[in-house]
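1. Sharing a sequence plus its predicted fold:
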Amino acid sequence: MAPTAATSRLHLGNLYSWTLADAYKRATALRQEEVLLRESWNCYSQRLQEEVRTEHPEFNEDELTAECRKRTETNIATARDIFSRYNFEFDQPQIRDDSLEYKEIVNSRFLELIKQGKIVDDQLILPPTERVIEMAQGIDWIPKNIWRRFYGVSSLENVKTMPVFRDGSYGISQDGMRGKVFGQRFVQSLVPHFYNQQGYQINLGLFGMDVLTKWVYFMISNSDKKPFDRIALSGLVLDKQGKKVSKYGLERVLAMDMLENPDNIRLFLLRQSFGSDFKVPNDFSIEEKFRRKVYNCLVFLEKYARISDGEISELPAQARAASLSISEQIRELNIQDAYNSFYNFIHNKVSREYIDRIRAKGIRRNELDQLIGIVRDTASVFIPLTANSSI
């Protein structure tokens, strides 16, 4: 999967992307299929640099760079602490966009784009060439009507060009261009190229709609081959004023007091209609009630289920079928349908049907163990049994 390039200041929108990616990976794992999810960071922020300049106008360039780096590392450490509470699963070492290997690939690709005539006068020229249009049309876009619905355009032709150079941390090692640095968007647009160079093909890229006409398009244009098999575009997370959450608005930064029970937040994010915008709620009482329902079901199965020699062998089979159905819905990015199926599976099947039958007839120990495992595995896609979880 394509790494979500989280910035150093997390907000709920970042968390939404990570939650979707993590659920996709977990659901795929239930089908014994492997999906790699790699951690990635934007280690440069132009606004952070401006913030430090304002606070310390006396800093020279070296001092400015050092202070920006220090703050970025602090922010990333905080973000990783948040990720650990959500138990996100990363399979590969992190890809830092300031690593030497990444810099070398960016540098090399930059020179190739110059030779191809795509970069002229400090701009990345992105004409709607047949190659780019054909490559984009070969990608499975979800939802299908995303271009016209959200941007009023029918193709990629209306997309604007993007500056290649800005203040930043990417120096170019080429005579005549010394002192210039790559813009962060240009650098991040080469993520698929970087993975292609390492022998990976990105199966799924999860993005917010707001980056479609810039970053995603640049990724397509700057790749030698189709960078993604599928691109899924989630909706935007809005604050109480209806504005897109942002790391630059203090009232919209992810608040630590929202992390007292991360399972509730995950449940809230996963039950949203995929591709639609939604607002941050005042509380997560709905999710809290359902989480407790899952907890109570597991407590009964683990501690109070009646063991007998009775024949209820169909229960594990029914539960496994429900579990695989839920995982398939997530793999197809029918996230809200998957959540509704999960809710019905726990609330109706397990709580009302299975437990009532086990109370009345009992269940054999090996079948009970299977049933507990299936319920836990299915629940872990939505509630990954974090350190703070009550389950």
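-> Nice, I can see it. Remember, predicted model here, so these are calculated numbers, not experimental data. Residues are numbered from 1 along each chain as shown.

2. Could I get the phi/psi values of the nearest residue to residue 368 once chain neighbours are set aside?
-> Nearest in space to residue 368, with sequence neighbours left out and distances taken as Cβ to Cβ, 6 or more residues apart in numbering, is residue 305 at 5.6 Å. Yep, even glycine has a C-beta here, placed from its N, CA and C like the rest. Dihedral pair for residue 305: phi -60, psi 140, per degrees, to the nearest 10.

3. Is residue 305 in contact with residue 365, as I believe?
-> No. Applying Cβ atoms under 8 Å as the test, residue 305 and residue 365 come out as separate, 9.3 Å apart.

4. Have a look at the two and say which one is more surrounded.
-> Using other Cβ atoms under 10 Å, the more surrounded residue of residue 305 and residue 365 is residue 305, with 19 against 11.

5. what about that one, distance to residue 355?
-> 8 Å (Cβ to Cβ, to the nearest Å).

6. Next up, the contacts around the residue nearest to residue 368.
-> 358, 362, 363, 368 (Cβ atoms under 8 Å, 6 or more residues apart in numbering).

7. Could you do residue 318 as well?
-> Here residue 318 is in contact with residue 349 (Cβ under 8 Å, 6+ apart).

8. name the element it belongs to?
-> Per DSSP states H and E, residue 318 falls inside helix 314-331.

9. can you pull the buried residues of that helix?
-> 315, 316, 319, 320, 322, 323, 326, 327, 328, 329, 330, 331 (16 or more other Cβ atoms under 10 Å).

10. Just name the shakiest helix or strand of this structure by mean pLDDT.
-> Of all helical and strand segments in the chain, the minimum by mean pLDDT, DSSP states H and E falls on helix 146-151, at a mean of 45.

11. what's next to stretch 18-33, contact-wise?
-> Here stretch 18-33 has contacts from 1, 4, 6, 34-35, 37, 83, 86, 88-89, 204, 206, 232, 234, 266, 269-270, 274, 323-324, 326-328, 330-331, 333, 335, 338, 377-378, 380-382, 384, using Cβ under 8 Å, 6+ apart.

12. before we move on, the earlier item: now distance to residue 262 too, for the buried residues of helix 314-331, in TSV please.
-> Converted to TSV, the buried residues of helix 314-331 look like this (distance: Cβ to Cβ, whole Å):
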residue	distance to residue 262
315	31
316	30
319	26
320	28
322	25
323	22
326	20
327	21
328	26
329	23
330	19
331	23
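
13. Looking at those, which one is closest to residue 105?
-> residue 331 (30.5 Å; Cβ to Cβ).

14. Let's test this: mean pLDDT of the helix or strand where residue 232 lies, rounded?
-> Using DSSP H and E, residue 232 sits within strand 228-234. Averaged over strand 228-234, pLDDT sits at 82.

15. tell me what the next helix or strand along the chain from it is packed against?
-> Where DSSP H and E defines the elements, the next helix or strand beyond strand 228-234 is strand 237-238. When contacts are defined as 3 or more Cβ pairs under 8 Å, 6 or more residues apart in numbering; DSSP states H and E, strand 237-238 packs onto helix 12-29, strand 278-279.

16. how far out from the middle of the chain is the helix or strand harbouring residue 80?
-> Assigning secondary structure by DSSP H and E places residue 80 in helix 61-86. How far helix 61-86 lies from its chain's middle: 20 Å, per Cα atoms, centre = their mean, to the nearest Å.

17. Which elements pack onto it?
-> By 3+ Cβ pairs under 8 Å, 6+ apart, helix 61-86 packs against helix 12-29, helix 46-55, helix 262-270.

18. and residue 218, which of those is closest to it?
-> Using Cβ to Cβ, the helices and strands packed on helix 61-86 put helix 46-55 closest to residue 218, at 16.9 Å.

19. Flag the shaky bits of the stretch 151-300 of the chain, pLDDT-wise.
-> 151-163, 165-181, 183-184, 212-214, 246-260 (pLDDT under 70).
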